[in-house]
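1. Pasting the sequence and the predicted model now:
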Amino acid sequence: MQHGESTGHPRPFTARPGGPMQPSVHAGARRLGLLLLTVHLAVLLWATFRSTPSVWLADSNLTPFASVRAELSGGTARDYLELLGSLLSLAPLGVLLPLAGGRRDASPVTSFTRTLLTGILIATGLEVLQTTLSLRLLNVDDILLPCIGIALTHLAVVPATRAWLRHRAATAAGPAAVADVMAHTPEGNPESVPENRASRSTNPGRVRIIGGADATALPAREA
């Protein structure tokens, strides 16, 4: 159930029965995010199944950033491109996962944690799938580098975009909010002006009649 002001504009929060207030979900953004996320994951799976095993395979690596140091020590353009490709392979998930959630007012810490954990699961699943298909041996850096790309993309895009969307929504709702506030203030409601309340609070049931020529006050009578 959505709660709104008297003007009918819904607040950016929804309340679950018996639960706390939760950020509302934008249905259009969620559908778009799910569509783009499905396309991205489908392309990754297609590339994984289409890859062919190489003749020479490096040993498995369970030491974080060991292969990164080895490639950086090589200093060739190919090594740098491989590192860049690992960083960018899952980087779009840093934006697509929050977009699929559709929450404009989500907490930055909660959103970042949820996105990073989901990215770790996806990167681990792809690495296990490639190892199962014997395309290459297990390399922990192939999980860490994509997750770093996801985190950097999320931090660079999502908080600033959500802040801009909230500012835009607040600006668009500004005139309606001002009119609603004025309607509930003494300046905007004539009935709440002190002079009007005083004039209405006098008892109309008794009338004081003033005499004519001698201007003597006659006793008040019932109207």
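-> That came in fine, so what should we check first? Numbers count the residues shown, from 1 in each chain.

2. If you tally nearby residues, what's the number for residue 75?
-> Look at residue 75: counted by other CB atoms under 10 Å, it has 8 neighbours. The way it works is simple: take the backbone N, C-alpha and C, and place the C-beta from them, glycine included.

3. ignore the last one, residue 117
-> Residue 117 has 12 nearby residues by other CB under 10 Å.

4. Could you pull up the contacting residues of the closest residue in space to residue 99 that isn't next to it in sequence?
-> Spatial nearest neighbour of residue 99, excluding adjacent residues (CB to CB, 6 or more residues apart in numbering): residue 33 at 3.2 Å. Taking CB atoms under 8 Å, 6 or more residues apart in numbering, we find residue 33 in contact with 96-102.

5. what's the burial count for residue 146?
-> For residue 146, the tally of surrounding residues (other CB under 10 Å) stands at 26.

6. Doesn't it belong to a helix?
-> Yes: if the criterion is DSSP: H, G, I helix; E, B strand; the rest coil, then residue 146 is within a helix.

7. rewinding a little: which secondary structure element contains the residue nearest to residue 99?
-> helix 27-50 (DSSP states H and E).

8. Restricting to C-alpha, output that helix in PDB.
-> The C-alpha trace of helix 27-50 is given here as PDB (Å, rounded to 0.1, in the frame of the first residue of the first chain):
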ATOM      1  CA  ALA A  27       8.600  -1.100 -12.800                       C
ATOM      2  CA  GLY A  28       9.800   0.400 -16.100                       C
ATOM      3  CA  ALA A  29      13.400   0.600 -14.900                       C
ATOM      4  CA  ARG A  30      13.200  -2.900 -13.400                       C
ATOM      5  CA  ARG A  31      12.000  -4.400 -16.700                       C
ATOM      6  CA  LEU A  32      14.700  -2.600 -18.700                       C
ATOM      7  CA  GLY A  33      17.400  -3.700 -16.200                       C
ATOM      8  CA  LEU A  34      16.300  -7.300 -16.300                       C
ATOM      9  CA  LEU A  35      16.300  -7.300 -20.100                       C
ATOM     10  CA  LEU A  36      19.800  -5.800 -20.400                       C
ATOM     11  CA  LEU A  37      21.100  -8.100 -17.700                       C
ATOM     12  CA  THR A  38      19.700 -11.100 -19.500                       C
ATOM     13  CA  VAL A  39      21.300 -10.000 -22.700                       C
ATOM     14  CA  HIS A  40      24.700  -9.400 -21.100                       C
ATOM     15  CA  LEU A  41      24.700 -12.800 -19.300                       C
ATOM     16  CA  ALA A  42      23.600 -14.500 -22.500                       C
ATOM     17  CA  VAL A  43      26.500 -12.900 -24.400                       C
ATOM     18  CA  LEU A  44      28.900 -14.000 -21.700                       C
ATOM     19  CA  LEU A  45      27.700 -17.600 -21.800                       C
ATOM     20  CA  TRP A  46      27.800 -17.600 -25.600                       C
ATOM     21  CA  ALA A  47      31.400 -16.400 -25.500                       C
ATOM     22  CA  THR A  48      32.300 -19.100 -22.800                       C
ATOM     23  CA  PHE A  49      30.900 -22.000 -24.800                       C
ATOM     24  CA  ARG A  50      32.300 -20.700 -28.100                       C
END
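
9. Can you name every helix or strand that whatever helix or strand comes next after it contacts?
-> Next helix or strand after helix 27-50 toward the C-terminus (DSSP H and E): helix 66-74. The contact analysis (3 or more CB pairs under 8 Å, 6 or more residues apart in numbering; DSSP states H and E) places helix 66-74 against helix 77-88, helix 141-172.
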